[in-house]
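Student: From the sequence below, what's the structure:
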Amino acid sequence: MKRTILITCGILFVLLITSTSCEKPKTIQKHNVLLICVDDLRPELKSFGANYISSPNIDELATRGVSFHNHFVNAPSCGPSRYTLLTGLYGPATNDALFLRANKIKQGKEKINPSMPEWFRKNGYTTVSVGKVSHHPGGMGGSDWDDSTIIEMPEAWDKYLMPVSEWEHPRGMMHGLAHGEIRNDASRMDVFQTVEGDDNIYPDGAITNEALNQLRELSVDDKKPFFLAVGIIKPHLPFGAPKSYFDMYEDVVLPPITHPEKPVGRTTWHDSGEFNKYNRWGKDPNQDAVFADEVRRHYAACVSYADAQVGKILAELKRTGADKNTIVVLWGDHGWHLGEHAIWGKHSLFEESLKSPLIIHYPGMKNSNANTSAMVETLDIFPTLCDLTGIETPNFIQGVSLKNILESPDTSLGHPAFSYWNDAITIRTKTHRLIYHKDGFVELYDLTTAEKETKNVADKHPDLVEGLKKLLKAK
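Tutor: Numbers count the residues shown, from 1 in each chain. The predicted structure is shown next:
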């Protein structure tokens, strides 16, 4: 009897060992990535200190992540800024930067490193782009930006989508106003507009609806991670949003414009050429305070409209359950002057053009609802996403991972930020900004003073100028 029991136990033990050893180890799926790009969004958000702005959805994301209050883009224009985001490299200061890269790939004369979405695709991700992620919404060239033979980012996306709805083509969407109005002659299109209707009367409504569709499809496959990038167009010019968003600001008292005067002497100032292309009814916001107020309220309405689209996307991510395994990055592609230095637009090397919001949330992060003053660059997003997802960080990228800052937002200092435009390059340290022009002219601003970027102090600090110039040359 005892022998029978021992044999039986022995057989069970062998079977247990055999079955355990044959069990396939469970694979842990890499985190998904949801990258939300918002065009021309300066840090004009309540969570970034603009208390008069209604931005509840982005603010809610900020409560779950880390907000970078000293994030600087590497160029104050859509094309080169997105080039840096999507390649992890400093690049040409032109809106055609990604197309120039695509031409080099096509010619095959030199090795071109993979872009960020291509890198994730090579590492097993399904990559999808919706809206304005690269410079051209939908990622194609041609006269109407819909020529499928001219791809802005070869090998990057499994799908690059741009629903055009009643705006006919991606170019029409990019500068569209309500109910299918397309910009052909900017001087005949109003610089701002507000119209009764729901979110779908402006182009971002269609972009958001497609983003929701893609989230539903991508979240079904729990074996393959996704990299979904969504590009919201507003608050890019012209400033158009449904009236309900403009009404939010009817009785709001706007804060005064800081340093509204045109700088004295040679600076990075420009005359707001993009803004002035549009119909302004003969008004100049630098001379007409009422008109300046109207422009700022319409910009604010566009921010709130964009925020609503972000809210829909985040709500759908949560509804699908994919939020539990998804890194979310919200990024503004550059800033925008609202009268500071008498500029209405981007394209300067002042703070207002180069600073934009950056928020990062990832599952299981220890620090939530945290702000950091650490200085970082758009250049750092590519290596950060590699670090957070656990895929190899390529050795060619020029940024650094921000994971240490995400883990210790209060103690991390970050690093100097470099930017460039036209014939000038700038370095931003914790206390100063140096702008170095190609012909040798130098602007130096002490950002710890009340004058900030209104007083060039280069002649008073020759040693500091030389030290910062060396750092620029090293880059």
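
Student: pLDDT score assigned to D222?
Tutor: Note on D222: pLDDT of 79.

Student: Over to I313?
Tutor: Note on I313: pLDDT of 98.

Student: Equivalent analysis for S412, please.
Tutor: At S412, the pLDDT value in this model is 73.

Student: quick one: buried residues of the strand or helix carrying T149?
Tutor: Assessed by DSSP states H and E, T149 sits inside strand 147-151. For strand 147-151, burial by neighbour count (16 or more other Cβ atoms under 10 Å) applies to I150, I151. (C-beta placed from N, C-alpha, C; glycine too.)

Student: Using CSV, write out every CA atom in that strand.
Tutor: Taking Å, rounded to 0.1, in the frame of the first residue of the first chain, the C-alpha atoms of strand 147-151 are listed here in CSV:
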residue,chain,number,x,y,z
ASP,A,147,0.4,63.1,-53.8
SER,A,148,1.0,59.6,-52.6
THR,A,149,4.2,59.4,-54.6
ILE,A,150,5.8,62.1,-52.5
ILE,A,151,6.1,60.8,-48.9
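
Student: buried set for the following helix or strand past that strand?
Tutor: Next along the chain after strand 147-151, taking DSSP H and E as the criterion, comes strand 159-161. By neighbour count on 16+ other Cβ under 10 Å, the buried set for strand 159-161 is Y160, L161.

Student: Partner strands of strand 159-161, with direction?
Tutor: strand 126-131 (parallel) (DSSP bridges).

Student: contacting residues around the strand it pairs with?
Tutor: Residues outside strand 126-131 that contact it (Cβ atoms under 8 Å, 6 or more residues apart in numbering) are 37, 117-118, 120-121, 137-139, 156-162, 204, 207, 210-211, 214, 218, 221, 224-233.

Student: now do 6 Å
Tutor: Residues outside strand 126-131 that contact it (Cβ atoms under 6 Å, 6 or more residues apart in numbering) are 117, 120-121, 137, 157-161, 207, 210-211, 214, 224, 226-231.

Student: That strand: what's the following helix or strand?
Tutor: Immediately after strand 126-131, counting by DSSP H and E, sits strand 140-141.

Student: Pull up the pairing partners for that following strand, direction included.
Tutor: By DSSP bridges, strand 140-141 pairs with strand 147-151 (antiparallel).

Student: Now do the buried residues in stretch 294-309.
Tutor: 294-309.

Student: again with stretch 37-50
Tutor: For stretch 37-50, using 16+ other Cβ under 10 Å, the buried residues are 37-48, 50.

Student: quick one: low-confidence parts of the protein?
Tutor: The model of the chain has pLDDT under 70 over residues 1-28.

Student: Now do the SS call for the residue nearest to the spatial centre of it.
Tutor: Nearest to the geometric centre of the chain sits W331, at 2.8 Å (Cα atoms, centre = their mean). With DSSP: H, G, I helix; E, B strand; the rest coil as the basis, W331 sits in strand.

Student: Give me the three-state assignment for H259.
Tutor: Look at H259: counting by three-state DSSP, its state is coil.

Student: The chain should start at 9 in everything you say after this.
Tutor: Sounds good: first residue 9 from here, last item H267.

Student: what about it, how many neighbours?
Tutor: 17 (other Cβ atoms under 10 Å).

Student: Do I have it right that it meets E348?
Tutor: Yes: using Cβ atoms under 6 Å as the test, H267 is close enough to E348 to be in contact (5.5 Å).

Student: Excluding chain neighbours, give the residue nearest to T95 in space.
Tutor: Spatial nearest neighbour of T95, chain neighbours left out: S123 (5.3 Å); criterion: Cβ to Cβ, 6 or more residues apart in numbering.

Student: so who does L169 touch?
Tutor: L169 neighbours (Cβ under 6 Å, 6+ apart): V138, E218.

Student: List the beta-bridge partners for it.
Tutor: Going by DSSP bridges, L169 is paired in beta bridges with V138.

Student: Show me the domain layout of this structure.
Tutor: 37-423, 431-483 (automatic domain parsing).

Student: Would you check that D315 makes contact with D67?
Tutor: No: D315 lies out of contact with D67 (Cβ under 6 Å); the separation is 8.2 Å.

Student: coming back round to it: quick one: which of the buried residues of stretch 45-58 sit in strands?
Tutor: Judged by DSSP state E, those include C45, V46 as members of strands.

Student: ok, of the buried residues of stretch 45-58, which one's closest to D395?
Tutor: C45 (20.1 Å; Cβ to Cβ).

Student: what bridges to that closest one?
Tutor: Here C45 sits in beta bridges with G239, W339, as judged by DSSP bridges.

Student: Surely it and K242 touch.
Tutor: No: with contact defined as Cβ under 6 Å, C45 does not reach K242; the gap is 11.9 Å.

Student: Number of residues surrounding the residue nearest to T95?
Tutor: S123, neighbours per other Cβ under 10 Å, totals 27.

Student: What are the neighbouring residues in contact with V311?
Tutor: Counting by Cβ under 6 Å, 6+ apart, V311 touches E52, I61, P243.

Student: Show me where the stretch 309-458 of the chain has its strands.
Tutor: 334-340, 345-346, 352-353, 366-369, 378-385, 425-429, 432-436, 440-445, 450-454 (DSSP state E, counting those that start in this stretch).

Student: Figure out which of the ones you listed is closest to F283.
Tutor: strand 352-353 (4.3 Å).

Student: And that closest one, what does it pack against?
Tutor: Here strand 352-353 touches helix 281-284, going by 3 or more Cβ pairs under 6 Å, 6 or more residues apart in numbering; DSSP states H and E.

Student: end-to-end on stretch 247-258?
Tutor: Length of stretch 247-258, first residue to last, Cα to Cα, to the nearest Å: 16 Å.

Student: buried residues in it?
Tutor: The neighbour-count criterion (16+ other Cβ under 10 Å) identifies F247, G248, A249, P250, S252, Y253, F254, M256, Y257 as the buried residues of stretch 247-258.

Student: now, which of the residues you listed sits nearest W352?
Tutor: For those, the nearest to W352 is F247 (10.7 Å; Cβ to Cβ).

Student: Spatially nearest residue to T266 (excluding sequence neighbours)?
Tutor: In space, not counting the residues next to it along the chain, T266 is nearest to E348; the distance is 5.8 Å by Cβ to Cβ, 6+ apart.

Student: A249 versus K140, what's the distance?
Tutor: Distance from K140 to A249, counting by Cβ to Cβ, to the nearest Å: 16 Å.

Student: Correct me if wrong: H345 contacts H355.
Tutor: No: the criterion here is Cβ under 6 Å, and H345 misses it with H355 at 9.0 Å.

Student: Which one of those two is surrounded by more residues?
Tutor: More neighbours surround H345 than the other of H345 and H355, with 25 against 19 (other Cβ under 10 Å).
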